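Visitor: mind looking at a prediction? Sequence and model below.
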Amino acid sequence: MNATRSLSMIQAINEALDVALERDRMVTIFGQDVGYFGGVFRATEGLQKRHGSHRVFDAPISEAGIVAVAVGMGAFGKRPVVEIQFADYIYPAADQIISEAARMRYRTCGEWWSPITVRSPYGGGIYGGQTHSQSPEGIFTHVAGLKTVIPSNPHDAKGLLLAAIEDDDPVLFFEPKRLYHGPFDGHHERPVQSWSDHPDAEVPQGHYTTPLGKARIVREGDEVTVLAYGTMVHVALAAVQETGIDAEIIDLRTLIPLDLDTIRQSASKTGRCVVVHEATRTCGFGAELAALVQKHCFFDLEAPVERVTGWDTPYPHAFEWEYFPGPARVGQALRQIIEV
Amino acid sequence: MNATRSLSMIQAINEALDVALERDRMVTIFGQDVGYFGGVFRATEGLQKRHGSHRVFDAPISEAGIVAVAVGMGAFGKRPVVEIQFADYIYPAADQIISEAARMRYRTCGEWWSPITVRSPYGGGIYGGQTHSQSPEGIFTHVAGLKTVIPSNPHDAKGLLLAAIEDDDPVLFFEPKRLYHGPFDGHHERPVQSWSDHPDAEVPQGHYTTPLGKARIVREGDEVTVLAYGTMVHVALAAVQETGIDAEIIDLRTLIPLDLDTIRQSASKTGRCVVVHEATRTCGFGAELAALVQKHCFFDLEAPVERVTGWDTPYPHAFEWEYFPGPARVGQALRQIIEV
Amino acid sequence: MRALAFDLIRVLDENHRAVGEWNPHLTDETLVAGLRAMLLTRAYDSRMMRAQRQGKTSFYMKSTGEEAVAVAAAMALNSQDMCFPTYRQQGLLVARDWSLVEMMNQVYSNSHDRLKGRQMPVFYSSREAGFFSISGNLGTQFSQAVGWAMASASESDPRIAAAWIGEGATAEGDFHHALTFASVYQAPVILNVVNNQWAISSFSGIAGGERATFASRGIGHGIPSLRVDGNDFLAVHAVTDWAAKRARMGLGPTLIELFTYRAEGHSTSDDPTRYRPNTDTATWPLGDPIARLSDHLASRGCWSAAMHTELEREVKEVVDAAGRESESFGTLKEGSRLPASSIFEDVYKIMPPHLRDQLAESGL
Amino acid sequence: MRALAFDLIRVLDENHRAVGEWNPHLTDETLVAGLRAMLLTRAYDSRMMRAQRQGKTSFYMKSTGEEAVAVAAAMALNSQDMCFPTYRQQGLLVARDWSLVEMMNQVYSNSHDRLKGRQMPVFYSSREAGFFSISGNLGTQFSQAVGWAMASASESDPRIAAAWIGEGATAEGDFHHALTFASVYQAPVILNVVNNQWAISSFSGIAGGERATFASRGIGHGIPSLRVDGNDFLAVHAVTDWAAKRARMGLGPTLIELFTYRAEGHSTSDDPTRYRPNTDTATWPLGDPIARLSDHLASRGCWSAAMHTELEREVKEVVDAAGRESESFGTLKEGSRLPASSIFEDVYKIMPPHLRDQLAESGL
Ligand SMILES: Cc1ncc(C[n+]2csc(CCOP(=O)(O)OP(=O)(O)O)c2C)c(N)n1
Ligand SMILES: Cc1ncc(C[n+]2csc(CCOP(=O)(O)OP(=O)(O)O)c2C)c(N)n1
Ligand SMILES: [Mg+2]
Ligand SMILES: [Mg+2]
């Protein structure tokens, strides 16, 4: 393994892009403000300077155009990595993602495909209001042909992003923006933490991949299984520490394809399962997880699968902490479920 | 109650639109080919002639433009009813539906809202291939602020459509195109049936509404609950007849807001639940139903909630009957679940 | 006519005189009112910017240098005409005498915020002021405005619609849909492209601005299109008035490109020194619209430096008084707030069962 | 230059002679090859239409009257240039000598269908023929073509891209995005708008065609734009050649409006008598492109009615032979089929666990 250093998540993402550009001349990066400026979150900082403005460049404010151009480039043989500035702005590109990228391989029987990666910061907690805080993953996990990846720490962010870029299927790579600069457990009232002392911020230099489709057991436990991804992994950890409940926390890392084996084993072992996500509840990815767990672990379950999620409302600017499923709400769900 | 006649579903929809235009001069109908021609499925036939081309007119091929214009008209005080020619073509309008129509009331605290109805034929079974067969309801049921309605017969189609139009929230009204001209139970190898003898094709004249948010128990039964909507209600009925299993079949009619009470009572009574839809499985509306039923009826369930759905693939042209969750597959699920 | 899409309509000449066929011949009173609204907008912006720096809110966006775009348009329109703005036309609200306190309450998400803390700062909405709810998703309002205008026309309502979009956001499909529908249905709408030359860090060339003017986008839709000096209050007033008259006469849409300059950063989250050489306002292309109007008034002999200074002082006082009042209702993180349970309201007209359940579950 | 977007470029005059500055001066052989490809396309269309009426497949779409649009373009392009067509440019495949049997296999979704029965009839795809997979969602290919062209340019690949869109579908955002990106990055792409005057039941005016030409949409993006008689084989060839040369020289995109006429119904699901007065092909505006090219060849003294009849007979024989061969591989509802389990393949490159489970569950 290569030597490691402690990086923030945004640095890890930047490094993954740098490595991808270095290793594969077909990798091309574009999006709004990603070129000269280096991205509003600095994910592409320095890349245009290092790799040239033919490979890293600014795009017009047209999410649909960005994805369409990526699909066309992918058909040519490029490996485009595009940025949607906020996940909330992915909807104009919905048709190109759902009708085109996701179905290209299928409708051409493998004659063409869309080896594209769509990076996008998602999630709340930065006072972004309803149009800079959304978690739209559940819309895209319904679409056959797409993969959806969400890292929870710098190490995985780099490894998963490299795996996503190298993957020949279209991948939506949602980045928990609240984790860019530090692990965040939902305690917004406490001082901001940095990644520097975090074990998962030890990022190897150079190239490595974290395979898509493999979950990670972040914490082993016997009383209840917590399924989470992105920011919510840290929230779940805080809730477990605060409640003292011996929960097994699984960081899904990839929603599609899902590591059902790991989930099944854990939920069958603990007999209880809490699903946590920031997205609105109804028809969110948690619905699928609950449906799967109740189906595959039915006879082992002691209690219904519970969901702790964002409410079925837009994300309200001034009340984001009432919307956000923080450690108190997760902890309460844990306490309740082990009583059943 | 007004006198009834037997109508096909497309006639019932046409009549609902006619009644709406007649009763409320703010109702305005537009979409591709809906004006002079009367719509590719004839849903708007004769309406332009009767109500004038200022109220019923053709729109450019721009789903996003159509919905945007409806949102603007709604803000003015009109009550637009727009048609998306096939549900597969709703994605270009995703941003205007999700970011705008769905959130207008919330973001303005009721100062503006979007009293719009988006009608769209959905579902397969007409050799439409992957872009004329989709069931995208599960994407929109995830979005707070939208209502989603799917009728299964002419009577409900008229009553629900009038209710949808009169509703002050944005409603997606998905019409099972395979039911336009007759009830269809999935037996594609059998002669086509017509609505004429069907009890639910008795449609009252004039105005009436079928309330949103109320499911209908299509068949009472004790052994298992089947949750279905649209075409699948008829498929479920066929499966029940063919298996002889005493299933309770619930036609949801409205997905959001959902009639959870009716579902809960039934599943608690039968202890078994099969969810049926034509859409792809993962993160479909069936996931939400399974998640809800296992949560609310956990201690009454004898078996895990099962889902019989379209596969997680695009809808293949020549193999649509292998994709379609027909009575054989539903019947098999029923037989299996009562064995548990 | 097509040439006007490539030209640059101006009224003020180098000597600050109003010249040429577009001269709107406005009265001194109107011009002073316009100057005051622009100064008020600028003073408002600077107080709110400071408030954000002081942590009183999360975010702010100034319109510095672009005040004429909004203020002159508002004054040329009827007060009942419906505006579909972006986040940089706060001048519309100011020129329409909408309450500064209400605006501030929104920016602070405080206990008196009419939008109940739901929207990010500057995403105002005021039905009363004919100012449509600002969307975070760029471009969406442009085609909505066309729908509103179509509805107004079909009701023979005298009100017309006006929409604004940034030159960067013209790349969104909504821009195209707006032009298409406006042209096909000849909607009574004014479609304004505010070309302030920057879209966050990207120059207008990334939106196609180096290949043709934004006004010329109208040509392919058969929409009369004008390109105007957006920092020339009189020119903006004149073209808006022309377009409004056309719309009211049933002659359909007009596209207007307002050439201006974003004199400051994109927002409080932005640092323009990272991507453009110099933010010195002295380099503003076309010149500060406020200074230019003030100079014009002086050239008419009805205005002086002293009067200008006095007006500046007066508007600052107005803004400060409003600020004090608004802050007494709380700021984002301090003072009284609305009940948090309100977050479950207005998702639907009537709260459906699942939201009632969630409200109960939330304990709010 | 801008005037060409409002004009109508023609080469053939009333006496069927090639005249004017756009005359491509093609050889007799080239023209006869073009005529043959157009006739072959028409014969193919009519056989497949009949096959659909006979229940051998679910759906079909003809290109009658628009053969020159595709065939002349294919002949002016290099055979390796990449085409992003709509469903009405089957002439591209024919002109590139792609196998008629393969095309029919796709229409029949039979056991030899390269697309494994997944796509609706006429949604061809052929990497070998440089013919991009047709999408059911109108417009999407237009902006994808720009991306392909940008990639080609950045690799200094000599191939250029060409895209087609119906005049109705220009209302989609993709059209605007294509123009924007093509202009900003000066992509080597030819953007063709096929204005056949109808979009199912709606006249081109519903797409804005009564307010301005579709070619003039390029002006606002600074894209050289030409409007051409799409039923004039020589004119289509000439403008395509001109645009291709520009693209290959690195001079960027060209927009071409091909003015033509959809002589038949939209598809086999359509009945045009319900919305337009007369489908008599004799009323074709601009005239049948095949007849016009045949007359032109006659005017050159190298073609006769007898030769035309013989060519018609020959292409019919070719089509019939292909038809027999393809039908021997099955038709939609008869004969051998591919294994149904193939529906689970190619959703992803490697079948993920949940699809393996569903495949097992399906029993296919
Ligand atoms: C659909 C969408 N995409 C991206 C963004 C992020 N964004 C916010 S403002 C902005 C720049 C807009 O520039 P312009 O349209 O020129 O307006 P200006 O800020 O100059 O007034 C961007 C990219 C957004 N809000 N919405
Ligand atoms: C996004 C989308 N919206 C609507 C349709 C339905 N549709 C199919 S063809 C057609 C008309 C297209 O007309 P035009 O673009 O002029 O092409 P033409 O058929 O004349 O070649 C429509 C509305 C579609 N396929 N895709
Ligand atoms: Mg700008
Ligand atoms: Mg057409």
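Guide: Ah, there it is. Numbers count the residues shown, from 1 in each chain, chains lettered A, B, ... in the order given. Ligands and ions are numbered 1, 2, ... in the order given.

Visitor: in which helix or strand would I find the residue nearest to A:His296 when sequence neighbours are not counted?
Guide: Computed as Cβ to Cβ, 6 or more residues apart in numbering or on different chains, the closest residue to A:His296 that is not its neighbour in sequence is A:Arg264, at 4.8 Å. Using the backbone N, CA and C atoms, a C-beta is placed for each residue, glycine as well. Assessed by DSSP states H and E, A:Arg264 sits inside helix A:260-270.

Visitor: in that helix, which residues are buried?
Guide: Buried positions in helix A:260-270, judged by neighbour count with 16 or more other Cβ atoms under 10 Å in any protein chain shown: A:Leu260, A:Thr262, A:Ile263, A:Arg264, A:Gln265, A:Ser266, A:Ala267, A:Ser268, A:Thr270.

Visitor: ok, stretch C:350-363 next?
Guide: C:Met351, C:Pro352, C:His354, C:Leu355, C:Gln358, C:Leu359.

Visitor: what number of residues lie near the closest residue to chain D within the stretch 151-300 of chain A?
Guide: Nearest to chain D, among the residues of the stretch 151-300 of chain A, is A:Pro257, at 3.6 Å (Cβ to the nearest Cβ). As a burial measure, A:Pro257 scores 20 neighbours (other Cβ atoms under 10 Å in any protein chain shown).

Visitor: look up how far ligand 1 lies from the closest residue to it other than its chain neighbours.
Guide: Nearest residue to A:Pro257, sequence neighbours excluded (Cβ to Cβ, 6+ apart): D:Pro352, at 3.6 Å. Applying Cβ to the nearest ligand atom, to the nearest Å, the value for D:Pro352 to ligand 1 is 31 Å.

Visitor: which ones are touching D:Pro352?
Guide: A:Gly213, A:Ile256, A:Pro257 (Cβ atoms under 8 Å, 6 or more residues apart in numbering or on different chains).

Visitor: could you rerun that using 10 Å?
Guide: Contacts for D:Pro352 (Cβ atoms under 10 Å, 6 or more residues apart in numbering or on different chains) come out as A:Lys147, A:Asp169, A:Leu212, A:Gly213, A:Thr254, A:Ile256, A:Pro257, A:Leu258, A:Leu260, B:Asp312.

Visitor: how about the residues you listed, which pair is most distant?
Guide: With Cβ to Cβ as the measure, no two of the contacts of D:Pro352 lie farther apart than A:Asp169 and A:Leu260, at 18.3 Å.

Visitor: top of the contacts of D:Pro352 by neighbour count?
Guide: A:Ile256 (29 neighbours).

Visitor: measure that residue to D:Ala51 for me?
Guide: 39 Å (Cβ to Cβ, to the nearest Å).

Visitor: tabulate the buried residues of helix A:260-270 (JSON lines), appending distance to C:Leu364 and pLDDT.
Guide: JSON lines is the format used below for the buried residues of helix A:260-270 (distance: Cβ to Cβ, whole Å; pLDDT from 0 to 100):
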{"residue": "A:Leu260", "distance to C:Leu364": "35", "pLDDT": "98"}
{"residue": "A:Thr262", "distance to C:Leu364": "35", "pLDDT": "98"}
{"residue": "A:Ile263", "distance to C:Leu364": "31", "pLDDT": "98"}
{"residue": "A:Arg264", "distance to C:Leu364": "35", "pLDDT": "98"}
{"residue": "A:Gln265", "distance to C:Leu364": "37", "pLDDT": "98"}
{"residue": "A:Ser266", "distance to C:Leu364": "32", "pLDDT": "98"}
{"residue": "A:Ala267", "distance to C:Leu364": "30", "pLDDT": "98"}
{"residue": "A:Ser268", "distance to C:Leu364": "35", "pLDDT": "98"}
{"residue": "A:Thr270", "distance to C:Leu364": "30", "pLDDT": "98"}
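
Visitor: and the residue of chain C found nearest chain B, helix, strand or coil?
Guide: Across chain C, no residue is closer to chain B than C:Gly147, which sits at 2.6 Å (Cβ to the nearest Cβ). Under DSSP: H, G, I helix; E, B strand; the rest coil, C:Gly147 falls in the helix class.
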